[in-house]
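> sequence first, then the predicted structure:
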Amino acid sequence: MSKPDLNSLKHQNTLKDKKPLSADDLALLEADLARQRQAADIESTVLRLSDFLSAVEMTIKHTFDHSVWVKAEIRNMSSKGGHYYFELAEKDESGKVVASCRGTLWRFKATTVLSKFERATGMLLARDLTVLLKITPSFHPQYGFSLNIEDIDPSFTLGDLAQQYAAMIDKLTGEGLLTLNAQLPTPFDIEHVIVIAPEKAAGLGDFRADADRLAQTGACHFHYYHATFQGNHAPGEIRESLTRAMQEFNAQYQRLPDLIVIIRGGGAVGDLAYLNDYELAALVAEQPVPVWVGIGHERDRVVLDEVAHTSFDTPSKVIAAITAHLAAMVARVTRYRQVIDHLAQQQINQARQDSLHKLGRIQAQSASQMTAIHKDSLHAYLTIERTAQYRLRQAKQSCDYAIAQIKQSSIDQTKLAQNISVNHYRMIQQHAKRSVAQSRERCEHLRDVILLQHPSHLLNQGYVMLSDSADRRILTSASQLQPLQSVRLKLKDGEATAQIEQIELIETANTLESNHLSP
């Protein structure tokens with residue numbers, strides 16, 4: 001058993017000192033002591049898990065024996081066998097989940113609850129919606145805690161969606177995006193149009209019925225890109241298709257399109273809520289070309305209608321507006337051409353009259369000017385003729401003087417060249433004689449040297465010419481000799497044969513150098 005609450009006893013003793021305890025005070029004190037004793041008993045008791053969870057189940061049933069309304073966000077939902085299973089959560093202002101649990105809408109109530117919600121909101125119950133649920137808590141020892149959903153208040157969801165829509169409009173306005181695209185001027189000529197629409201949608205078929213006729217005439221070209229317009233992933237797919245369309249068009253044509261069209265057409269009114277996406281609205285508002293939208297509902301508007309350049313009820317009205325714009329442009333151009341033709345014809349007529357008037361004046365002025373020019377030309381001709389004759393006489397005199405100077409200069413140059421030639425001839429003659437005498441002396445000297453070195457002269461001086469008897473090779477060195485080698489000796493008056501018996505090498509300067517260089 002745990003200790004009693006001493007603070008409580010002390011407080012009670014303090015009161016007792018002041019005045020006697022009443023019956024109520026004594027009852028409270030006894031109840032407090034009983035709770036403390038019970039808590040001490042529980043703390044010292046070991047329970048089975050099933051017993052403990054059964055106690056929790058009983059506590060929840062007794063505490064929440066009635067239904068309550070709870071606000072929560074649907075994080076996920078699924079259905080099986082007619083039952084609907086939810087993952088519910090609460091988030092704080094930063095988007096962090098602060099509470100979550102499971103919820104179940106049983107089959108016997110699902111049809112009634114969901115039908116009422118769809119009729120009132122015009123949309124299907126889906127994830128990311130904030131709803132007001134009438135629930136009773138349920139706890140099972142085996143399956144845990146969950147909420148049994150008995151009803152859903154559609155008016156709360158409508159109010160929450162309207163509040164989100166208004167907040168989105170305020171944010172776009174504060175960032176200057178709400179009317180950004182609407183401030184762009186309407187293109188003068190709509191030649192290329194990018195169309196974003198669900199594939200095989202009824203509204204797209206209505207749009208293409210007229211668009212294809214325009215395209216066949218060559219008046220306008222349409223570039224189609226598809227994306228889903230329902231479900232939580234719809235805004236992301238539309239943004240991706242729009243971004244890809246702009247990039248591909250710019251890469252192909254190196255310029256921007258004239259118009260972007262976003263159309264839906266058909267489908268449930270509730271699917272419009274998926275188009276109320278801030279990032280999608282901001283992307284549409286920031287496009288550099290006008291964006292026309294035709295979502296396909298006359299009464300219900302989405303945020304795309306607010307940020308677009310021009311909003312239409314249906315896709316058919318969008319293509320009708322394009323056709324009307326092109327027709328108005330053609331009519332305006334036709335009027336401009338008629339005005340230009342009329343003004344041009346007036347200018348031509350006026351120019352013709354001015355030309356005729358000026359031509360008459362020019363002809364009259366030309367006749368008088370031709371007479372004056374003729375007189376001036378005769379005077380100028382006579383002046384030129386006299387000047388030319390005077391210049392001709394001067395040129396002739398100059399030529400005669402120049403010819404006389406050239407003749408005299410030629411005679412002087414000829415005499416000078418003749419004297420120089422004679423002097424050069426004498427110098428060349430003297431130089432040639434000296435060269436011949438010097439050449440004769442060198443030849444005689446070479447002749448004497450050659451005669452001194454002739455073998456016959458050497459033989460007369462006692463020298464002998466030695467050669468091999470076998471191959472008649474001239475032997476000039478003792479290194480070419482071998483013992484018992486037969487050699488021939490040539491003298492000044494005959495030849496003799498000898499045999500080598502002994503060889504003695506004499507070291508000379510050349511021999512020493514050769515031995516030194518050899519390895």
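Noted; the coordinates are in hand.
> and the top strand by length along the chain, which residues are buried?
Scanning the chain for the longest strand, with DSSP state E as the assignment, gives strand 68-80. For strand 68-80, a neighbour-count test (16 or more other CB atoms under 10 Å) marks Val70, Ala72, Glu73, Ile74, Met77 as buried. Where you see a C-beta, it was placed from the backbone N, CA and C, and this is true even at glycine.
> stretch 82-93 now?
Those buried within stretch 82-93 under the rule 16+ other CB under 10 Å are Tyr84, Phe86, Glu87, Leu88.
> just the ones in helices from these, please.
Cross-referencing the buried residues of stretch 82-93 against helices under DSSP state H gives no overlap.
> which of those residues sits closest to Asp32?
Each of those was checked against Asp32 using CB to CB; the closest is Leu88, at 38.5 Å.
> Val97 is in contact with that closest one, correct?
No - under the criterion of CB atoms under 8 Å, Leu88 lies out of contact with Val97, with a separation of 10.4 Å.
> which residues of the stretch 251-400 of the chain fall in helices?
In order along the chain, the stretch 251-400 of the chain carries the following helices (DSSP state H, counting those that start in this stretch): 278-285, 303-307, 315-452.
> need those in a markdown table (columns: mean pLDDT, distance to Asp32 and mean neighbour count).
A markdown table is the format used below for the helices of the stretch 251-400 of the chain (pLDDT from 0 to 100; distance: least, CB to CB, whole Å; neighbours: other CB atoms under 10 Å):
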| stretch | mean pLDDT | distance to Asp32 | mean neighbour count |
| --- | --- | --- | --- |
| helix 278-285 | 92 | 56 | 20 |
| helix 303-307 | 89 | 60 | 23 |
| helix 315-452 | 88 | 75 | 11 |
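> which one of these lies closest to Thr121?
If we rank the helices of the stretch 251-400 of the chain by CB to CB, the stretch that ends up nearest is helix 303-307, at 17.3 Å.
> pLDDT below threshold where in the protein?
1-26, 30, 34, 36-45, 122, 157-159, 161, 265-271, 296-300, 508-519 (pLDDT under 70).
> right, and the helix or strand after the helix or strand that contains Ile135?
In this structure, Ile135 is located in strand 130-140 according to DSSP states H and E. Reading on from strand 130-140 to the C-terminus, the next helix or strand found by DSSP H and E is strand 144-153.
> how far does that following strand sit from its chain's centre?
Distance of strand 144-153 from its chain centroid, counting by CA atoms, centre = their mean, to the nearest Å, is 53 Å.
> next: stretch 428-445.
Mean C-alpha position of stretch 428-445 versus that of the full chain (CA atoms, centre = their mean) differs by 92 Å.
> for Ser115, see how far away Gln152 is.
That one is not Gln; residue 152 is Ile. According to CB to CB, to the nearest Å, Ile152 stands 11 Å off from Ser115.
> please read the previous query as pertaining to Val195.
When distance is defined by CB to CB, Val195 is 36 Å away from Ser115.
> ok, now Arg472?
For Arg472, the distance to Ser115 (CB to CB) stands at 142 Å.
> what does Ala351 give?
Shown here: Ala351 relative to Ser115, a distance of 81 Å by CB to CB.
> flag every buried residue along stretch 201-219.
Ala201, Gly203, Leu204, Asp206, Phe207, Arg208, Asp210, Ala211, Leu214, Ala219.
> which elements pack onto the strand holding Ile135?
For strand 130-140, the elements it packs on are helix 49-63, strand 68-80, strand 97-105, strand 144-153, helix 154-174, judged by 3 or more CB pairs under 8 Å, 6 or more residues apart in numbering; DSSP states H and E.
> and Thr121, how many neighbours?
Neighbours of Thr121 under the rule other CB atoms under 10 Å: 20.
> how near is it to Gln429?
Distance of Thr121 to Gln429, given as CB to CB: 137 Å.
> returning to that earlier point: sort out which of the buried residues of stretch 82-93 are in strands and list them.
Secondary structure assignment by DSSP E places Tyr84, Phe86, Glu87, Leu88 of the buried residues of stretch 82-93 in strands.
> show me which of those is closest to Met58.
Distances from Met58 to those, taken by CB to CB, are shortest for Leu88, at 23.9 Å.
> show me the contacts for the closest one.
Counting by CB atoms under 8 Å, 6 or more residues apart in numbering, Leu88 makes contact with Ala72, Glu73, Ile74, Arg75, Ser100, Cys101, Arg102, Gly103, Leu133, Leu147.
> repeat the analysis, applying 7 Å as the threshold.
With contact taken as CB atoms under 7 Å, 6 or more residues apart in numbering, Leu88 is in contact with Ala72, Ile74, Arg75, Ser100, Cys101, Gly103, Leu147.
> ok, now Asp160?
With contact set as CB under 7 Å, 6+ apart, Asp160 has these partners: Thr130.
> on that earlier part again, what would the buried residues of strand 68-80 look like in CSV with distance to Gln247?
As requested, the buried residues of strand 68-80 are arranged in CSV below (distance: CB to CB, whole Å):
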residue, distance to Gln247
Val70, 46
Ala72, 41
Glu73, 35
Ile74, 35
Met77, 36
